[in-house]
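A.B. asks: need a structure here:
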Amino acid sequence: MDRLSIVGFSLALIAILGGQYIEGGSVSALMDGPAALIVFGGTIGAVMLQSSYQTFSLAMKLSIWVFKPPKDNMLAGVRKVINWSVIARKEGLLGLEEAADTEPEPFASKALNLLVDGGEPDVIRSSLTVDLQAREYEHIMASRVFEAMGGYAPTIGIVGAVMGLIQVMSNLSDPDKLGPGIATAFVATIYGVTSANLLFLPVANKIKTLVHRHSHYDEMLVEGIVAIAEGENPRLIEGKLMGYVADKS
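C.D. replies: The predicted structure is shown next:
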């Protein structure tokens, strides 16, 4: 679990609700069903309208990364590649067949199979790079679903505010109905701005960061696999791949 995301989201909620309470307001005053329906329903509907089914579905799947990111341990990955290079050095490329069959990561498994099949280094690099770039593009497009939500939510919040004011203006003769209309107007604006800046945009940026980190990890794998295909010494491969490790301590 990503504790920083959990702490950050919790801190944001506590800051807003705590500030409301300290100022003498009621937390329940921020709970408004119609306002939530207008803002969140309208935002999700607008994003679904602009997105393909595949992109929207992928975005929902990737949202779990915010709290449970993929495990891309760069140092462990480098050590794994070095182990492969040692096996290839001792047993030849066919010695990696068992590693290819048991490798849990699809991208790494494909890379190993290309090695075992005797692919040329340039062909291996080209094939893996296409896969890497295609997946990165799909994931970045998915992150833009949340970017779009961050753009639409404040505007739809204003729509909710205007609708609330319309309700107020149409019931000026009935004071009992003025309160709910005014509440919907202001709370809808709060929902729109808050959800955009404390949820949708941070989630989009977090996913982008994790996508780039995952691609960086896969780039290391590509370099390692190509180096093995070229028959480089394991020590030289290790020296090259350690450049990808930020913390070498």
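A.B. asks: So which elements touch the helix or strand hosting Ala161?
C.D. replies: Here Ala161, judged by DSSP states H and E, is contained in helix 121-169. Contact here means 3 or more Cβ pairs under 8 Å, 6 or more residues apart in numbering; DSSP states H and E; on that basis helix 121-169 packs against helix 33-36, helix 42-50, helix 53-62, helix 106-116, helix 178-195, helix 201-229. All C-beta spots, glycine's among them, are computed from the backbone N, C-alpha and C.
A.B. asks: wait, doesn't Leu132 sit right on Val222?
C.D. replies: Yes: here Leu132 reaches Val222: they are 6.9 Å apart, a contact under Cβ atoms under 8 Å.
A.B. asks: shared neighbours, these two?
C.D. replies: Shared contacts of Leu132 and Val222, defined by Cβ atoms under 8 Å, 6 or more residues apart in numbering, are absent.
A.B. asks: The residue nearest to Lys61 when sequence neighbours are not counted: what's it in contact with?
C.D. replies: Residue nearest to Lys61 in three dimensions, not counting chain neighbours: Ala142, with 8.0 Å by Cβ to Cβ, 6 or more residues apart in numbering. If a contact means Cβ under 8 Å, 6+ apart, then Ala142 has Thr55, Leu58, Ala59, Lys61, Leu62, Ile207 as its contacts.
A.B. asks: List the residues that contact the residue nearest to the spatial centre of the chain.
C.D. replies: Nearest residue to the geometric centre of the chain (Cα atoms, centre = their mean): Ile207, 2.0 Å. Ile207 sits next to Leu62, Ser63, Trp65, Val66, His139, Ala142, Ser143, Phe146 when contact means Cβ under 8 Å, 6+ apart.
A.B. asks: For the residues you listed, which single residue is the most surrounded?
C.D. replies: Phe146 (26 neighbours; other Cβ atoms under 10 Å).
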